[in-house]
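> please find the sequence and the predicted model below.
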Amino acid sequence: MIHPVDFQRPLTPEEIAELEKFFQGNGKGIHAVIQLQGFFCAILTSSHPISPYLWRPVVFGENFYFQNNDEAICILDLVLRYLNQVNSQKSSLIDAFLCDREEDIDFQNHKHHELKGIWRIGHAQGKALWNKEDALAPMTLTDFVSTESDCKRLTH
């Protein structure tokens, strides 16, 4: 039985670390949570809604399927909760990562610039979806699982 998920609950540091581990081990799609954050900021600021049908291949990679139901449920829960978390912070995130203020220009802080660059890559990937004709295409669970039996187990 699938339990309802509170999609408004922000991710804990442990859940962010779990999501980071998943993306680093995936080898396809998004490679880091900071990149996912930039991507979601772009998706959420589009002038029209962008269907998960369109962004799923960017996030997980083309032809990606989860290894099993437990992984699918866990990672989708984390990704969708993170999407809502980013939605609540998108204005301040965009200001922090896209606006180059003089106080941000600190060449001694290479890590900050590296993270900003990764965030901007994700943001550019999201903006690339803004004008796609199929942005509102419907999505089904089979977009996330490898077999019809997996899909049936996820829905029962």
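That came through, no problem.
> how close does residue 67 get to residue 121?
According to Cβ to Cβ, to the nearest Å, residue 67 and residue 121 sit 26 Å apart. All C-beta spots, glycine's among them, are computed from the backbone N, C-alpha and C.
> give the residue from those two that has the larger number of neighbours.
When neighbours are counted by other Cβ atoms under 10 Å, residue 121 comes out ahead of the other of residue 67 and residue 121, with 17 against 10.
> quick one: that one and residue 35 touch, right?
Yes - using Cβ atoms under 8 Å, residue 121 is in contact with residue 35, at 5.9 Å.
> roughly how far is whichever strand or helix holds residue 37 from the heart of the chain?
Secondary structure assigned from DSSP states H and E places residue 37 in helix 33-44. Its chain's average C-alpha position is 6 Å from that of helix 33-44, according to Cα atoms, centre = their mean, to the nearest Å.
> ok, residues contacting that helix?
Counting by Cβ atoms under 8 Å, 6 or more residues apart in numbering, the neighbours of helix 33-44 from elsewhere in the structure are 16, 19-20, 23, 30, 50, 55, 58-59, 79, 82-83, 86-87, 90, 93-94, 97, 115, 118-127, 129-130.
> buried only: go through those for me.
Burial by neighbour count, 16 or more other Cβ atoms under 10 Å: within those this picks out 19, 23, 30, 50, 55, 58-59, 79, 82-83, 86, 90, 93-94, 97, 115, 118-123, 125-127, 129.
> tell me which of the residues you listed fall in helices.
Secondary-structure check on the buried ones among the contacts of helix 33-44 using DSSP state H: residues within helices are 19, 23, 55, 58-59, 79, 82-83, 86, 90, 93-94, 97, 115, 118-123, 125-127.
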